[in-house]
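# sequence plus the predicted model coming up.
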Amino acid sequence: MTHVEDELNSQPECWTRAAAEAAEHADALPATGERVAIVGCGTSYFMAQAVAALRESAGQGETDAFAASEYPYGRWYDRVVALTRSGTTTEVLELLGRLRENPPTGTRNRRTRTTAITADPRTPVRERADDLVVLDYADERSVVQTRFATTALTLLRTHLGLHTESVVDDCRTALATPLPEGLVECAQFTFLGRGWTVGLANEAGLKMREASLSWTEAYPAMEYRHGPISVSTRGTATWMFGEAPDGLAQQVRDTGALWVAGDLDPLAELVRAQRLAVAVAATRGLDPDRPRHLTRSVILT
């Protein structure tokens, strides 16, 4: 078994622990009404997209998501939350350092507070952030992220009051149920989302590219009709995270493509996509623990 298989199979236990410990981290996480930016790189950026949409839709405050390298320093936020598995990613450390050294102040003359959610507290991020949330039990040996990203999202969903035990049950189902027949053999994969699940669709596409070198795309579900559906045909797959727009499933089937409905909680559907990435990698003779041209953390000199 590869490291990534072992790690993705441990997600029900990681999610349960994150949910149980969320209240302990409440002071380090965004309070209701705060203006918040959530940042990350790669997988963490897509988790930031999901959390930002969840928080705003829950009415808990204006929330933006940015790739750490694209943070708008001209804006002011009550809090910036950085997702960083390794705690060493260059863009995240530069952002947190800049906010600490040259802090913008808002109309109430308050400094932006920063929180880092990481798997390794022995890294430079501990010196850059005001608050640190450590999920060391969700750390990973594989380059490809699975359980850290979903555990961080579970922590934040719980903090928002949006996590239930049924999500963990769905995760177990995602791990135990065979993938749809013919899915592994597909030549191209499109992932679709709505609202907070757009970030999950983006992450599913990234997992497939990283682990299996697959041709993948991701879109908001309604945007898929505005051009991208033209790539769908026999031998391709379109996977919906969450409830699909009316008529979309039949439109996809009419192209000849395989339609995959997201019947489980969307985060559990992401676990199914992680399994797909590993399965496709196996059929192509690839090692998903060591994806091409990638390292566990991007450190720029």
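Nice, I can see it. Residues are numbered from 1 along each chain as shown.
# and the residue positioned nearest the centre of the chain, what does it touch?
Centroid-nearest residue in the chain: residue 47, 3.0 Å away (criterion: Cα atoms, centre = their mean). If a contact means Cβ atoms under 8 Å, 6 or more residues apart in numbering, then residue 47 has 40, 83, 149-150, 152-153, 199, 203 as its contacts. C-beta coordinates here come from the backbone N, C-alpha and C atoms, glycine included.
# any idea which element it lies in?
Using DSSP states H and E, residue 47 maps to helix 43-57.
# just how off-centre is the next helix or strand after that helix within its chain?
Using DSSP H and E, the helix or strand that follows helix 43-57 in sequence is strand 63-67. How far strand 63-67 lies from its chain's middle: 13 Å, per Cα atoms, centre = their mean, to the nearest Å.
# same thing with stretch 94-101?
23 Å.
# I'd assumed residue 238 was in a strand, is it?
Yes - residue state for residue 238 (DSSP: H, G, I helix; E, B strand; the rest coil) corresponds to a strand.
# is it true that residue 210 lies in a helix?
Yes - under the criterion used here (three-state DSSP), residue 210 sits inside a helix.
# residue 146 is in contact with that one, correct?
No - in this structure, residue 210 is not within contact of residue 146 by Cβ atoms under 8 Å, at 10.6 Å.
# who's more crowded, the two?
Using other Cβ atoms under 10 Å as the criterion, residue 210 and residue 146 rank with residue 146 on top: 31 against 24.
# any idea how far the closest residue to the more buried one other than its chain neighbours is from residue 275?
Nearest residue to residue 146, sequence neighbours excluded (Cβ to Cβ, 6 or more residues apart in numbering): residue 8, at 4.2 Å. Distance of residue 8 to residue 275, computed by Cβ to Cβ, to the nearest Å: 7 Å.
# these two: which has the busier surroundings?
Between residue 8 and residue 275, counting by other Cβ under 10 Å, residue 8 is the more crowded of the two (27 against 22).
# quick check: phi and psi on that one?
phi -70, psi -30 (degrees, to the nearest 10).
# count of neighbours near residue 231?
Residues near residue 231, counting by other Cβ under 10 Å: 15.
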